[in-house]
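# Give me the fold of what follows.
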Amino acid sequence: MQDESKKPAVYSRTDSAKVSLPDAEWKKMLTPEMYFIARQKGTERPWTSKFEKFEEVGTYYCAACGNPLFLSDTKFDSGCGWPSFYQPVKKESIIYLVDRTHGMVRTEVQCGRCEAHLGHVFEDGPPPTGLRYCINGVILDFEKAKKAEEKYKKG
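Sure thing, here's the model as predicted:
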């Protein structure tokens, strides 16, 4: 969904090598809003993400580096105001950290490839995992599933 000309130089949907750049480089490559969320652990306002009610079939990627994060069939409407998923594409897609900010203890989730802040995970999600990955839509990119596109073209 991101304009191809505006993708960071490190963006790749096939390269799984870790990405570690100086903060100044990220600031040059990301939009101000993406930088605030990904590198400064910001949060977008609830119910503002284009992905919150989005229902296309495909894969969600880290908008900073292209790492595959979530499949659309793990997305659900949690009513929290942010896109929510119950499991990542694979275990390595996500890094988990303790977050003690704002007078509470939460589990922060970061991109497993570039360590961009994505959001938080909570233990109040649906089966089969019981988890709710509450993700900032600004740091998500999306690609439609090829099979779904073919199905819709056929009719």
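
# how about the strands in the protein?
Per DSSP state E, the chain carries strands over the ranges 58-62, 68-71, 75-76, 84-85, 94-99, 106-111, 117-122, 132-135, 140-144.

# per-residue confidence for the closest residue to residue 21 other than its chain neighbours?
Excluding the flanking residues, the one nearest residue 21 by C-beta to C-beta, 6 or more residues apart in numbering is residue 10, at 6.9 Å. Every residue, glycine included, has its C-beta placed from N, CA and C. For residue 10, the pLDDT comes out at 87.

# For residue 10, give me phi and psi.
Here is the backbone geometry of residue 10 (degrees, to the nearest 10): phi -90, psi 0.

# and the spatially closest residue to residue 88 that is not a sequence neighbour, how many neighbours does it have?
Closest residue to residue 88 apart from its sequence neighbours, by C-beta to C-beta, 6+ apart: residue 94 at 4.7 Å. Here the count is done by other C-beta atoms under 10 Å, and residue 94 has 19 residues near it.

# cool, residue 100 as well?
Residue 100: 9 neighbours (other C-beta under 10 Å).

# dump the residue contacts of residue 74.
The contact partners of residue 74, taken as C-beta atoms under 8 Å, 6 or more residues apart in numbering, are 85, 86, 87, 88.

# which stretches of this structure aren't confidently modelled?
1-6, 147-155 (pLDDT under 70).

# Most neighbours out of the contacts of residue 74, which is it?
Neighbour max across the contacts of residue 74 (other C-beta under 10 Å) = residue 85, 26 neighbours.

# State the distance from that residue to residue 115.
Residue 85 sits at a distance of 19 Å from residue 115 (criterion: C-beta to C-beta, to the nearest Å).
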